Structures are given as structure tokens and as C-alpha cells.
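Engineer: turn this into a model:
(one chain, ligands or ions: 1)
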Amino acid sequence: MVIALCGFMGCGKTTFGKLLADKMALEFCDTDEFIEKKQNKSIPYIFENFGESFFRELEYNALKELAQKDNLILSLGGGAIISDRNKKVLKRYCVVYINCPFEVCYQRIKNSDRPIVTQKSKEQLNKLYSSRLAHYEKVANITICDGDLDKMAEQVIAKAKELL
Ligand code: S3P
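Structural biologist: Numbering: from 1, shown residues only. Have a look, this model is predicted:
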């Protein structure tokens with residue numbers, strides 16, 4: 001079983017993913033951490049020195065490599081579901097979208113060192129959020145709302161059993 005979590009930065013993919021992996025006794029992996037370990041460089045460093053398009057290449061390669069694995073809960077970067085080639089790779093996964101209001105995401109990310117956040121104003125981030133919603137909704141097999149983590153996990157486990 002391979003479950004991928006998608007949603008905007010700050011929606012809680014990593015926190016929720018770790019809890020879900022625990023409950024389902026599956027391995028947890030975060031695509032950004034995977035890239036950082038492989039490159040031995042931080043995501044901000046990669047963006048700053050090699051640019052976003054290079055990061056997107058690394059992200060695509062990471063998804064392809066991770067798609068070979070089974071029994072995995074994968075937390076995707078917030079922009080990972082936008083490109084068609086990534087969407088193709090994600091067809092192998094049961095994709096869960098964590099729907100979370102922009103303001104909640106923004107409060108969680110506003111002081112972070114995420115390159116997309118440091119480069120954009122709140123208004124620009126809000127536009128980016130709106131432009132991505134349709135992608136998240138389209139790619140997802142399961143949509144849950146940000147809230148009580150245990151309840152979110154119960155919903156995913158029940159629905160994943162039906163689907164997989
Ligand atoms: C990005 C989200 C980040 C990370 C990178 C780009 C995005 O991941 O992949 O900074 O384009 O939304 P998180 O969603 O885990 O913060």
C-alpha cells in the first residue's frame with residue numbers, strides 16, 4: 001500500500017503522515033527530506049543556487065524512485081502534484097488531499113524558510129493556494145479536512161481499505 005499526502009504548504013502533511021504511518025505500521029517518507037538527504041543540501045539552498053526548475057527535476061526523480069516502494073506513507077511537497085509527469089507517477093498511489101484553509105496554512109508557514117514563502121507576499125501565496133486547489137482535488141482519491149489527527153487517520157484508513 002502506498003499512500004501519498006498532498007496539500008498546500010502548512011496543511012500538516014508531515015505531522016499527519018507520521019501519525020498515519022504509525023497507526024498503519026507503514027514506513028513514512030517526506031519527499032523534501034528524501035531530496036535533501038540525497039543531495040546533501042537543504043531545499044532553500046537548492047532553490048537559491050540551482051533554481052526552482054532544477055528542484056522540480058529532483059522532485060520528479062524522487063517520486064519515480066519512491067513509487068517503486070510498497071508499504072509507504074509519502075508526504076509530498078506542496079507543488080509536487082502540479083506537473084503532468086508527476087501526476088502520471090502518482091497514479092500508482094492512493095492520494096490523500098488534506099484540505100486546510102489558506103489562513104491556517106499561512107499562519108503555520110509565514111515564518112518558515114521555505115523558498116516559495118520567503119519569495120512571495122501573503123497575497124501572492126493566497127493566489128498560488130487558489131491556483132493549486134483544483135489540482136489537489138483532481139489528483140486526490142480521498143479528501144480530508146485538517147482537524148483532529150486521530151479522526152483524520154480513521155477516515156483515511158476506512159477509505160483506503162475500500163479503495164485498495
Ligand atoms: C513547495 C513546498 C515545499 C517544498 C518546496 C516547494 C511548493 O514542501 O517542496 O519548498 O511549491 O509548494 P511542503 O509543502 O512540505 O512545505
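Engineer: avg pLDDT for stretch 127-140?
Structural biologist: For stretch 127-140, mean pLDDT is 97.
Engineer: helix or strand: which one has T14?
Structural biologist: According to DSSP states H and E, T14 maps onto helix 13-24.
Engineer: let me see the mean pLDDT of whichever helix or strand comes after that helix.
Structural biologist: Sequence-wise, the next helix or strand downstream of helix 13-24 (DSSP H and E) is strand 27-30. In this model, strand 27-30 has an average pLDDT of 97.
Engineer: packing partners for strand 27-30?
Structural biologist: On a contact count with 3 or more Cβ pairs under 8 Å, 6 or more residues apart in numbering; DSSP states H and E, strand 27-30 meets helix 13-24, strand 72-75. Any C-beta I mention is one placed from the backbone N, CA and C, and that applies to glycine too.
Engineer: so what does the very next helix or strand once past that strand touch, helix or strand wise?
Structural biologist: Next helix or strand after strand 27-30 toward the C-terminus (DSSP H and E): helix 31-39. Judged by 3+ Cβ pairs under 8 Å, 6+ apart, helix 31-39 is in contact with helix 43-50, helix 52-66, strand 72-75.
Engineer: how does it look with 10 Å?
Structural biologist: For helix 31-39, the packing partners by 3 or more Cβ pairs under 10 Å, 6 or more residues apart in numbering; DSSP states H and E come out as helix 13-24, helix 43-50, helix 52-66, strand 72-75.
Engineer: could you say which of these is packed most deeply?
Structural biologist: Among the helices and strands packed on helix 31-39, the stretch with the highest mean neighbour count (mean count of other Cβ atoms under 10 Å) is strand 72-75, at a mean of 25.
Engineer: identify all contacting residues around that strand.
Structural biologist: 1-7, 12-24, 26-34, 62-63, 66-67, 80, 90, 93, 95-96, 98, 156 (Cβ atoms under 10 Å, 6 or more residues apart in numbering).
Engineer: which of those are close to the ligand?
Structural biologist: K13, D32 (Cβ under 6 Å from any ligand atom).
Engineer: name the residues of the one helix or strand E103 maps to that are buried.
Structural biologist: Assigned by DSSP H and E, E103 belongs to helix 102-109. Residues of helix 102-109 classed as buried: F102, C105, Y106, R108, I109 (neighbour count, 16 or more other Cβ atoms under 10 Å).
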